[in-house]
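>>> how would this look folded up:
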Amino acid sequence: MSMSFDHADHVYTIAGHASAAASSPIAASWRRCLTLYGLSPEEDRTPWRLTEAEFRQVRARSSVLIEEAGAEIDRLFAIVGKGGCCLLLTDENGIALERRGAAGDDREFRGVGLWSGTAWSEASVGTNGIGTALADERPVLILRDQHFLSQNTRLSCTTAPIRDHTGRIAAALDISTCRDDANEMTMSILSQAVRDAAARIEAGLFRRAFSAARILLVPVDGRMAPALLAVDRDDLVLGATRAARQVLGLDDRRIATGIAASDLLHEDRSEEGRDLDDAERAALRRVLTRAGGNVSQAADLLGISRATLYRKMKKLSIN
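Alright, predicted model coming up:
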């Protein structure tokens, strides 16, 4: 009991100083919990759980996310599940959609609320991996007494947010453990694993949203999140991940207006007059490839005469 009071006193002291909140993300979260959400660190507050009907509705809204993330969650759990860890995939509100955990750990995890259908937003249970990652829109690592509620100081959590194809927060992926020997180094390794998995899910969601488009990888150094562009057959950008938007200065308005990927990526266009020739050459080479190099068959596919195709090939230096 005294440890709970000590933790609560510490939270009140730190969160009461605006300077601490300005310099520490954890202190900033504690301050939000006190002033914005009206929570108290000493109160007995477990994550509220949706009814079965509510849970079905939430899962239905997130069906694409659940389908895309399933294999990645299974792969990650196969690596960390035997170490006393629980995995949660949540929606943008922190509601646990999918859970992975070893049967032997179920009782403990269910007791602290790490279960499907529970809500782990900051407003619900204060500073925690899921809620704080969603609030700050960044990966977080919350170790034991960095949690806001005293009752959650047994937990260590590492969480990464997942963005949709428009760059907006859509979900979070979390690894949590109640193990007493979970130290900062161990959790940092798990943090890297969860961020890698979240990045792959995010990339999968983007490719799924633009399944008919060509996907380009934007060359960026030292960035974890996928920097991808979706481009149509005319080289116009249809969509971009959050990382690509940040690097290339893109937003919804600029994408809707229309911009060529080659211009964004500063590809050499010094001889603009050759663009049409380049496009025609590429189109003819594709048709010739499909026809296995048979000029007569390629001409039929194009709806032109064999002689016309030969003239075009000569003009465009296609052998």
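>>> can we go C-alpha only for contacts and neighbour counts from here?
Noted.
>>> Point me to the helix or strand that includes the residue nearest to I175 when sequence neighbours are not counted.
Distances taken as CA to CA, 6 or more residues apart in numbering place L87 nearest to I175, at 4.7 Å, with adjacent residues excluded. For L87, the host element (DSSP states H and E) is strand 85-91.
>>> Repeat that for F77.
helix 63-80.
>>> same deal with I215?
strand 214-217.
>>> so what strands line up beside that strand?
strand 228-231 (antiparallel) (DSSP bridges).
>>> Helix, strand, or coil at E98?
Under DSSP: H, G, I helix; E, B strand; the rest coil, E98 falls in the strand class.
>>> Please look at it and F77 and confirm they touch.
No - with contact defined as CA atoms under 8 Å, E98 does not reach F77; the gap is 11.9 Å.
>>> pull the CA atoms of stretch 209-216 into PDB?
The C-alpha trace of stretch 209-216 is given here as PDB (Å, rounded to 0.1, in the frame of the first residue of the first chain):
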ATOM      1  CA  ALA A 209      -5.400   0.600 -50.400                       C
ATOM      2  CA  PHE A 210      -3.700   1.200 -53.700                       C
ATOM      3  CA  SER A 211      -3.700  -2.300 -55.000                       C
ATOM      4  CA  ALA A 212      -4.000  -1.200 -58.700                       C
ATOM      5  CA  ALA A 213      -1.200   1.400 -58.500                       C
ATOM      6  CA  ARG A 214       2.600   1.100 -58.800                       C
ATOM      7  CA  ILE A 215       4.300   1.500 -55.400                       C
ATOM      8  CA  LEU A 216       7.500   3.400 -55.200                       C
END
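>>> Identify the bridge partners of R214.
Beta-bridge partners of R214, counted by DSSP bridges, are V231.
>>> doesn't V231 make contact with it?
Yes - contact criterion CA under 8 Å: R214 and V231 qualify, at 5.1 Å.
>>> Check the residue nearest to S262 when sequence neighbours are not counted and give its pLDDT.
Nearest in space to S262, with sequence neighbours left out and distances taken as CA to CA, 6+ apart, is D235 at 7.1 Å. Per-residue pLDDT puts D235 at 86.
>>> Pretty sure D235 sits against A260.
Yes - in this structure D235 lies within contact range of A260 using CA under 8 Å: 5.4 Å.
>>> Show me what the longest helix along the chain is packed up against.
Secondary structure of the chain per DSSP state H: the longest helix is helix 184-209. Secondary-structure packing of helix 184-209 (3 or more CA pairs under 8 Å, 6 or more residues apart in numbering; DSSP states H and E): helix 63-80, strand 140-143, strand 156-163, strand 169-177.
>>> list the buried ones in the first one?
What that stands for is helix 63-80. L65, I66, E68, A69, E72, I73, L76, F77, V80 (16 or more other CA atoms under 10 Å).
>>> elements contacting it?
Partner elements for helix 63-80 (3+ CA pairs under 8 Å, 6+ apart): strand 85-91, strand 96-100, helix 184-209.
>>> residues making contact with that helix?
For helix 63-80, the external contacting residues (CA atoms under 8 Å, 6 or more residues apart in numbering) are 59, 86-87, 97-98, 100-101, 193-194, 197, 200-201, 204-205.
>>> Local confidence estimate at the closest residue to I201 other than its chain neighbours?
With sequence-adjacent residues excluded and distances taken as CA to CA, 6+ apart, I201 is closest to A69, at 5.6 Å. Among the per-residue scores, A69 holds a pLDDT of 98.
>>> With distance to N319 added, can I get the helices and strands packed on helix 184-209 in CSV?
Output for the helices and strands packed on helix 184-209, formatted as CSV (distance: least, CA to CA, whole Å):
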stretch, distance to N319
helix 63-80, 44
strand 140-143, 56
strand 156-163, 46
strand 169-177, 50
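>>> of all those, which lies closest to D277?
strand 156-163 (39.0 Å; CA to CA).
>>> Paired strands for that closest one, with orientation please.
Here strand 156-163 is paired, per DSSP bridges, with strand 140-143 (antiparallel), strand 169-177 (antiparallel).
>>> What residues of stretch 308-319 count as buried?
Under the neighbour-count criterion of 16+ other CA under 10 Å, stretch 308-319 has L309, Y310, K312, M313 buried.
>>> got the contact list for it?
D277, R281, L284, R285, V295, A299.
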